[in-house]
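Asker: A predicted structure for the sequence below; I have some questions about it.
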Amino acid sequence: MAKSNHQNTNKTRRKSATKVPEATSDPGVEKEANADKPAVSKPKPKVKVQPPPKTEESATQPQEINIQNSPAEMEVHHHPQLDHKPKPFKEYLLEGFMIFIAVMMGFIAENIRESITNSEHVHHLTVQLAHDLKADDKQLDEIYQRETEIAKGNDTLFNLLQQPLAKADLKKIQELAENAHSMWLFHPSEGAINAIKNELNLKQFSNSEIISHFSEYEKHIELVRTAQEINLQYQRIYLDPFLTQHFTPENLNAVFNQVPLKNAQMRNLTQEDLTQLRTDMVLINVITRELLKDNALLKQDVSDMLHYVNKQYDLEDK
């Protein structure tokens, strides 16, 4: 009994499932049927909205960006699986050798550049040294000539002072006394020498004999300066008192201004004064001869050094 009821129920379900609603022409019924269906919104046409024109205020004010409704995007980068094969040992050696060659080439290039720069600097200094030595040589020639004339005048004055006062040529004595009061000072050109001393680390100078030439030259310069100081002291001690005590003002002014004397008049002059001056002239002659000797040493130093610099640094045609 129960089985027959179950079969009847299944048949009823099948019939209801296969029923097709009949089409109706009533618009009201269609509206009611359509009212039960969900409304489908049609897509609205896109309207392009142009942004407002930029002004100075909008250009300066920061723009607010609304990212609230924009979906977050994430990019995923997949790294490829690379198979690294070990390099052969020879390739490592080759790469190391190439790096070594590159470093060595850079080092050699830097040394060449530095060598060229140093050579130009040495050339400039040696040319300047040769120029200074030539100027010193010219100055020493003039000093030697003038000091030789002073020495000859001192010898003549020494001989005149041995005559009796009555026969003495007082005008000539005054002229020679002023000549003995003179001295020509030597002022060496030391600019290039001092500059080279500051660059003795350069191999062109450190491996040369130029420093020994400098030492010899400077030693003789000190001798000349010492002799000049002694000569100045002798002039103050021996000649100045004789000139101020026995020359008239007019004659003293004339001899120091290289003006001929108007007369041979002298003041308070005695035979003893002439004898004392003759004795003093011995010392003045000694120091004058020493100046000439030291001047000759300096001139020889200049000649030797100039010859060495021209030969060592190839300045013969400069």
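Answerer: Good, I have the coordinates.
Asker: what about the longest helix anywhere in the chain, average pLDDT?
Answerer: Counting by DSSP state H, the longest helix found in the chain is helix 89-160. In this model, helix 89-160 has a mean pLDDT of 86.
Asker: For the stretch 201-318 of the chain, give me the ranges with low pLDDT.
Answerer: Within the stretch 201-318 of the chain, the segments meeting pLDDT under 70 span 316-318.
Asker: can we see that at 90?
Answerer: Counting by pLDDT under 90, the stretch 201-318 of the chain shows low-confidence ranges at 201-208, 258, 262, 314-318.
Asker: Helices along that one, start to end?
Answerer: Taking DSSP state H, counting those that start in this stretch, the helices of the stretch 201-318 of the chain run over residues 203-206, 210-234, 240-246, 249-256, 271-312.
Asker: hmm, who's touching the second one?
Answerer: When contacts are defined by CB atoms under 8 Å, 6 or more residues apart in numbering, helix 210-234 is touched by residues 183, 185-186, 188, 193, 196-197, 200, 205, 280, 283-284, 287-288, 290-291, 294-295, 297-298, 301-302, 304-305, 308-309, 312. C-beta here means a position set from N, CA and C on the backbone, and glycine is covered the same way.
Asker: Would you mark the buried spots in stretch 164-175?
Answerer: For stretch 164-175, the neighbour count (16 or more other CB atoms under 10 Å) marks Ala168, Leu170, Lys171, Ile173, Gln174, Glu175 as buried.
Asker: will you turn those residues into JSON lines that also has pLDDT and secondary structure?
Answerer: Formatted as JSON lines, the entries for the buried residues of stretch 164-175 read as follows, by pLDDT from 0 to 100; DSSP: H, G, I helix; E, B strand; the rest coil:
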{"residue": "Ala168", "pLDDT": "94", "secondary structure": "coil"}
{"residue": "Leu170", "pLDDT": "95", "secondary structure": "helix"}
{"residue": "Lys171", "pLDDT": "94", "secondary structure": "helix"}
{"residue": "Ile173", "pLDDT": "96", "secondary structure": "helix"}
{"residue": "Gln174", "pLDDT": "95", "secondary structure": "helix"}
{"residue": "Glu175", "pLDDT": "94", "secondary structure": "helix"}
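Asker: Pick the one among those residues closest to Phe97.
Answerer: Glu175 (88.3 Å; CB to CB).
Asker: Distance check, the closest residue to the closest one other than its chain neighbours against Gln163.
Answerer: Nearest non-adjacent residue to Glu175, counting by CB to CB, 6 or more residues apart in numbering: Val255, 6.3 Å away. From Val255 over to Gln163 the distance is 20 Å, taken as CB to CB, to the nearest Å.
Asker: cool, Glu190 as well?
Answerer: Glu190 is 46 Å from Gln163, by CB to CB.
Asker: Ok, Thr244 next?
Answerer: 23 Å.
Asker: same thing with Tyr313?
Answerer: Note on Tyr313: its distance to Gln163, by CB to CB, is 58 Å.
Asker: Pick out whichever of the two has more residues nearby.
Answerer: Comparing Tyr313 with Gln163 by other CB atoms under 10 Å, the one with more neighbours is Tyr313, at 21 against 14.
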